[in-house]
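J.: The sequence isn't on hand, but the structure is:
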């Protein structure tokens, strides 16, 4: 069962975050970090992200809000890519961060907006280079 969850988790990660992210993540994993990576792949991606209760787009929006509220810019950048891949628009991303600012404080919303602005500039440059 756990191997099936791992394989399903890897499939979902590739679909949400992209092949390049998954490949780089695997390449940067060592004996110390492998248990955490495997745990996340099985439980986060193979179990929770595969549940039928929410679609991936909704899960992405929720992740953006939580990561912004917790001030986790590195993870936020990862999930910004996933949100775009899941059909979330830039306007919706901005709205999420306004909501975060209202409920979690302007510093949290502002920092998330700055992180997203930087990520989106990098993302646009990547997309232009790929054309």
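T.: Perfect, thanks for sending it. Note that the coordinates shown come from a computational prediction; the quantities given were computed from them, not determined experimentally. Numbering: from 1, shown residues only.
J.: What residue spans form the domains of this protein?
T.: For the chain, the structural domains run 1-51, 55-131, going by automatic domain parsing.
J.: Could you say which of the ones you listed is packed most deeply?
T.: Per residue and on average, the most neighbours among the domains of the chain fall to domain 55-131, with a mean of 16 (mean count of other C-beta atoms under 10 Å). The C-beta positions use only the backbone N, C-alpha and C, and glycine is treated the same way.
J.: roughly how far out does that domain sit from the chain middle?
T.: The chain centroid and the centroid of domain 55-131 are separated by 8 Å, computed with C-alpha atoms, centre = their mean, to the nearest Å.
J.: oh, and call the first residue 149 from now on, that's how I've got it
T.: I'll keep to 149 as the first residue from here, and by that count the last item is domain 203-279.
J.: tell me the mean pLDDT over that domain?
T.: Taken as a whole, domain 203-279 has a mean pLDDT of 97.
J.: Can you get me the start-to-end distance on that domain?
T.: The first and last residues of domain 203-279 sit 30 Å apart, counting by C-alpha to C-alpha, to the nearest Å.
J.: Run through the residues that contact the closest residue to residue 224 other than its chain neighbours.
T.: Among residues not flanking residue 224 along the chain, residue 215 sits closest, at 4.3 Å (C-beta to C-beta, 6 or more residues apart in numbering). Counting by C-beta atoms under 8 Å, 6 or more residues apart in numbering, residue 215 makes contact with 223, 224, 227, 260.
J.: Show me what the helix or strand harbouring the first one is packed up against.
T.: If you go by DSSP states H and E, residue 223 is part of helix 221-233. Taking 3 or more C-beta pairs under 8 Å, 6 or more residues apart in numbering; DSSP states H and E as the contact definition, the neighbouring helices and strands of helix 221-233 are helix 150-165, helix 204-217, helix 254-278.
J.: 10 Å - rerun?
T.: helix 150-165, helix 167-175, helix 204-217, helix 238-252, helix 254-278 (3 or more C-beta pairs under 10 Å, 6 or more residues apart in numbering; DSSP states H and E).
J.: Residue 169 versus the residue nearest in space to the middle of the chain, what's the distance?
T.: Nearest residue to the geometric centre of the chain (C-alpha atoms, centre = their mean): residue 227, 1.8 Å. Distance, residue 227 to residue 169, by C-beta to C-beta, to the nearest Å: 11 Å.
J.: Appreciated, that's everything.
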